[in-house]
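Q: Model the following, please.
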Amino acid sequence: MSKILIINTGGTISMTASRRGYVPDGAAFRAQLEGMDLLKAQPMPQWDLIETEPLLDSSNMSVSDWNRIGGMVADHYGSYDGFVILHGTDTMAYTASALSFMLEGLDKPVILTGSQIPLAEIRSDGRTNLIESMLIAAEGRAREVCIFFGGKLLRGNRATKYSADELIAFVSPNYPPLAETGISVEYNESAFLKRERKPFRLQVLEEIPIGVIKVFPGIQFSLFDQIMTEKLKGIVIETFGAGNIPNGGSELLPIVRKAMEHGTVLAVCSQCPQGTVSLGAYEASSALAEAGAVSGRDLTTEAAVAKLYYLFSKGYSAEKVKKLMETPICGEEKEKQHRRSRR
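A: The predicted structure is shown next:
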């Protein structure tokens, strides 16, 4: 029988009502799990529960918490066949993206899940999400970091939160689901991450200074000039469409050049959930390419941020980080397409 470790980090699934709204309640949640007869029935795997201290609303999740969660997986890696991480929905995609890079050589399922309604509530979606996640983890077929929510198993670094109040809270705009649940679990094995035979290890992340800028009509890029210091290691800029910015980037270019001089890496992502950044495809994006910005192609913002943390934590130079930002490491982006010349 498979053995699963449940890691509770907090979030809505483990909350109870209070005078100030829902708050994490570890003792009540443990009692709820112990009282769920379904978790003791066949074909449920054996399971143990541990929790982070303190339990968090996921809006308070930080790099140090990612390291703590990754450390829990690493410390128990040899003792369990899979891991289910209970997490709040607000930053679940960030944590899943971070863990996908941190858990190098991962060869076991690590599934993040949670709920939109606390497990203590009668209509909670947490029961199904938890049970399905445990069964999928026990089967051991999708051996990567995933998010399971609302009947779909998604690659963790391809997912993004879609809805704050629907039970289907996450989507994967640029990559198909790894599995969907109905009467049975239908796996899409062609979408699974190809395994690399290398030892498992945990890459701890450093708290690197990283920023995110969202472009909007009328944006005054000069306001960001003051933050472009040598301390800032990476910037994710969310542009229009395929990488376009106002005025072709003329106002942004001096700031970008200043950032480059300081060794800052600027990664360009799109505000469109679906699609690919293609710097230079339009005049409005060519200046970014010429200035040395890198294309995030179809990376989610969550994955781009996590990847910058990871690459700089590896101790790589800015030039190597720029190169690797456009190179898939663990299925977070599609392969770069090389144009073929016609004769």
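
Q: Enumerate the positions of the worst-scoring helix or strand of the chain on mean pLDDT that are buried.
A: When each helix and strand of the chain is scored by mean pLDDT, DSSP states H and E, helix 283-291 comes last, with a mean of 75. Residues of helix 283-291 classed as buried by neighbour count (16 or more other CB atoms under 10 Å): 284, 285, 286, 287, 288, 289, 291. Quick note: C-beta positions are derived from backbone N, CA and C, even for glycine.

Q: Put together CSV for those residues, with distance to residue 76 on each row.
A: Below are the buried residues of helix 283-291 laid out as CSV (distance: CB to CB, whole Å):
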residue, distance to residue 76
284, 49
285, 45
286, 49
287, 49
288, 44
289, 45
291, 46
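
Q: for the residues you listed, which one is nearest residue 173?
A: The closest of those to residue 173 turns out to be residue 285 (CB to CB; 19.9 Å).

Q: that older thread, and the least confident helix or strand of the chain, what other elements does it pack with?
A: Helices and strands in packing contact with helix 283-291 are listed as helix 253-261, strand 265-270; criterion 3 or more CB pairs under 8 Å, 6 or more residues apart in numbering; DSSP states H and E.

Q: Residue 87 is nearest to which of these?
A: strand 265-270 (22.7 Å).

Q: ok, residues contacting that closest one?
A: 233-243, 256, 259-260, 276-277, 279, 285, 288, 292-296, 299-301, 304, 308, 318, 321-322, 325 (CB atoms under 8 Å, 6 or more residues apart in numbering).

Q: Just the buried residues of those residues.
A: For these, buried by 16+ other CB under 10 Å: 233-243, 256, 259-260, 276-277, 279, 285, 288, 293-296, 299-301, 304, 308, 318, 321-322, 325.

Q: can you tell me which of the residues you listed are in strands?
A: Among these, the residues falling in strands (DSSP state E) are 234, 235, 236, 237, 238, 239, 294, 295.

Q: and the nearest residue to residue 207 once chain neighbours are set aside, how many residues sit next to it?
A: Nearest residue to residue 207 in three dimensions, chain neighbours excluded: residue 63, at 4.9 Å (CB to CB, 6 or more residues apart in numbering). When counting by other CB atoms under 10 Å, one arrives at 18 neighbours for residue 63.

Q: Residue 63 contacts residue 309, correct?
A: Yes. Contact criterion CB atoms under 8 Å: residue 63 and residue 309 qualify, at 6.6 Å.

Q: dump the residue contacts of residue 135.
A: Applying CB under 8 Å, 6+ apart, the residues contacting residue 135 are 43, 44, 45, 185.

Q: Rebuild these as TSV, extending it with pLDDT, neighbour count and secondary structure.
A: Shown next, in TSV, are those (pLDDT from 0 to 100; neighbours: other CB atoms under 10 Å; DSSP: H, G, I helix; E, B strand; the rest coil):
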residue	pLDDT	neighbour count	secondary structure
43	92	9	coil
44	97	17	coil
45	98	18	coil
185	97	16	strand
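
Q: any idea which of those is closest to residue 179?
A: Nearest to residue 179 among the contacts of residue 135 is residue 185, at 5.6 Å by CB to CB.

Q: So what sits opposite the closest one in the bridge?
A: residue 181 (DSSP bridges).

Q: Out of the helices and strands packed on helix 283-291, which one sits most buried?
A: Neighbour counts (mean count of other CB atoms under 10 Å) averaged over each of the helices and strands packed on helix 283-291 peak at strand 265-270, with a mean of 26.

Q: between that one and helix 283-291, how big is the angle?
A: 160 degrees (axes from the mean of the first three to the mean of the last three CA atoms, to 10 degrees).

Q: any idea how far residue 173 is from residue 201?
A: From residue 173 across to residue 201, the span is 31 Å (CB to CB, to the nearest Å).

Q: Kindly format the C-alpha coordinates of stretch 78-93 as PDB.
A: The C-alpha coordinates for stretch 78-93 follow below in PDB (Å, rounded to 0.1, in the frame of the first residue of the first chain):
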ATOM      1  CA  GLY A  78      12.700   8.600   1.300                       C
ATOM      2  CA  SER A  79       9.800   7.600   3.600                       C
ATOM      3  CA  TYR A  80       6.800   8.300   1.400                       C
ATOM      4  CA  ASP A  81       5.600   7.500  -2.100                       C
ATOM      5  CA  GLY A  82       4.000  10.900  -2.700                       C
ATOM      6  CA  PHE A  83       3.100  14.200  -1.100                       C
ATOM      7  CA  VAL A  84      -0.100  16.300  -0.900                       C
ATOM      8  CA  ILE A  85       0.500  19.900   0.100                       C
ATOM      9  CA  LEU A  86      -2.600  21.800   1.400                       C
ATOM     10  CA  HIS A  87      -2.300  25.400   0.500                       C
ATOM     11  CA  GLY A  88      -4.400  28.600   0.100                       C
ATOM     12  CA  THR A  89      -5.500  29.400  -3.400                       C
ATOM     13  CA  ASP A  90      -4.200  33.000  -3.700                       C
ATOM     14  CA  THR A  91      -0.500  32.100  -4.000                       C
ATOM     15  CA  MET A  92      -0.800  28.300  -4.800                       C
ATOM     16  CA  ALA A  93       0.500  28.800  -8.300                       C
END
